[in-house]
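In: Pasting the sequence and the predicted coordinates here, then a few questions.
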2 protein chains.
Amino acid sequence: MGASKTDFFTQDQIDLAAITKALGHPARIAIIQHLLKVNACVCGDIVSELPLAQPTVSQHLKELKNAGLIKGSIEGNSICYCINEIVWNKYKEIFTTLFDSYLPKVKCC
Amino acid sequence: MGASKTDFFTQDQIDLAAITKALGHPARIAIIQHLLKVNACVCGDIVSELPLAQPTVSQHLKELKNAGLIKGSIEGNSICYCINEIVWNKYKEIFTTLFDSYLPKVKCC
DNA sequence: AACCTGTATCGTAATATTGCAATATTAAAA
DNA sequence: TTTTAATATTGCAATATTACGATACAGGTT
């Protein structure tokens, strides 16, 4: 098929899967890391940061925006991108909880 | 194309993207959450936990195993699955660093 | 107005993912 | 050995993703 059976999963599972899926590409990881590194709104130098054509980068930015991880706002004739603080902190919390919920067993196969 | 241009990204970016991609499906999130919940090796009840056919679940398990997130070991005529502690802790660290590296700007567009 | 610059969208080709029926494999049980 | 139970693999159809050239669009600049 290619489409996931979202009907039978919880909304939390679907949301978490959507965020991780959005992060599941080297280019999008690179975009996020760049936004984190400059720690500011980035206006227009994302394409030059990546080894990809401009339409491809635009598409990756769109997916990150759809997932809610980043925001884009018009700034003159270019567009400023930055991390979406609220969504970022929400998933920081969710990921922390997820990773912390693992308590290794003394005996495991 | 459909294939990512992995040649121009760092190994860290490719690895992180691979892990997030592996988590980027509701079924695989559900599998991980189940393994975390029972906090033990799970032998054979994963299929019945999910609203998917056995071959589909087997495929998702394979992807999680390929990503290194889970381990599977033969236990009689069934197979025990559990979280891979080393990989889990490695990415716990990486995710923590990633999420913590965000320092919101006072002024942002 | 015409032009440039930065970004988005469209269209399309190549490839990957998802899901499952059918089948194979493996190991214990009868 | 035959059967049974659990899991993996194969093969295939439907859909999604990735990438990019061509093009459209928007806002400045001249």
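Out: Looks like it arrived, so ask away.
In: make it CA atoms for all contacts and neighbour counts henceforth
Out: Noted.
In: if I look at A:Gly24, how far off is chain B?
Out: Relative to chain B, A:Gly24 is positioned 4 Å away (CA to the nearest CA, to the nearest Å).
In: per-residue confidence at that residue?
Out: Note on A:Gly24: pLDDT of 98.
In: Kindly provide the distance from A:Cys80 to chain B.
Out: For A:Cys80 relative to chain B (CA to the nearest CA), the value is 7 Å.
In: That residue in helix, strand or coil?
Out: Put simply, A:Cys80 is strand when judged by DSSP: H, G, I helix; E, B strand; the rest coil.
In: What is the least confident helix or strand in chain A?
Out: strand A:42-43 (a mean of 84; mean pLDDT, DSSP states H and E).
In: Mind checking if that strand is in reach of DNA strand C?
Out: Yes: counting by CA under 7 Å from any atom of the strand, DNA strand C has neighbours in strand A:42-43: A:Cys43.
In: List the pairing partners of that strand within its sheet, with orientation.
Out: Counting by DSSP bridges, the strands paired with strand A:42-43 are strand A:78-83 (antiparallel).
In: what does the least confident helix or strand of chain A contact?
Out: The contact list for strand A:42-43 (CA atoms under 8 Å, 6 or more residues apart in numbering or on different chains) reads A:35, A:75, A:78-82.
In: how about it against DNA strand D, any contact?
Out: No: Strand A:42-43 lies out of reach of DNA strand D by CA under 7 Å from any atom of the strand, never closer than 13.3 Å.
In: rewinding a little: kindly write the ChimeraX command that selects the buried subset of the contacts of strand A:42-43.
Out: Here is the ChimeraX command that selects the buried residues among the contacts of strand A:42-43 (16 or more other CA atoms under 10 Å in any protein chain shown):
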select /A:35,79,80,81,82
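In: How much space separates A:Tyr81 from B:Leu23?
Out: According to CA to CA, to the nearest Å, A:Tyr81 stands 25 Å off from B:Leu23.
In: what packs against the top helix by length along chain A?
Out: In chain A, assigned by DSSP state H, the helix with the most residues is helix A:85-100. Packing partners of helix A:85-100 (3 or more CA pairs under 8 Å, 6 or more residues apart in numbering or on different chains; DSSP states H and E): helix B:85-100.
In: how about the helix it packs on: buried residues?
Out: B:85, B:88, B:91-92, B:95-96, B:99.
In: Name the nearest of those relative to B:Thr56.
Out: Lowest distance from B:Thr56 to those (CA to CA) belongs to B:Trp88, with 23.5 Å.
In: which non-adjacent residue is nearest that closest one?
Out: Spatial nearest neighbour of B:Trp88, excluding adjacent residues (CA to CA, 6 or more residues apart in numbering or on different chains): B:Leu69 at 6.2 Å.
In: hang on, the one you found packs against B:Asn89?
Out: No: taking contacts as CA atoms under 8 Å, B:Leu69 lies outside contact range of B:Asn89: 9.9 Å.
In: could you give the angle of the longest helix of chain A to helix B:85-100?
Out: 160 degrees (axes from the mean of the first three to the mean of the last three CA atoms, to 10 degrees).
In: and for helix A:85-100, what are the contacting residues?
Out: A:68-69, B:33, B:88-89, B:92, B:95-96, B:99-100, B:104.
In: Kindly reformat those as TSV containing pLDDT and distance to A:Cys41.
Out: Listed next are the contacts of helix A:85-100 as TSV, based on pLDDT from 0 to 100; distance: CA to CA, whole Å:
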residue	pLDDT	distance to A:Cys41
A:Gly68	97	16
A:Leu69	97	14
B:Gln33	97	35
B:Trp88	97	32
B:Asn89	97	32
B:Lys92	97	27
B:Phe95	98	22
B:Thr96	97	22
B:Phe99	97	17
B:Asp100	96	18
B:Pro104	80	10
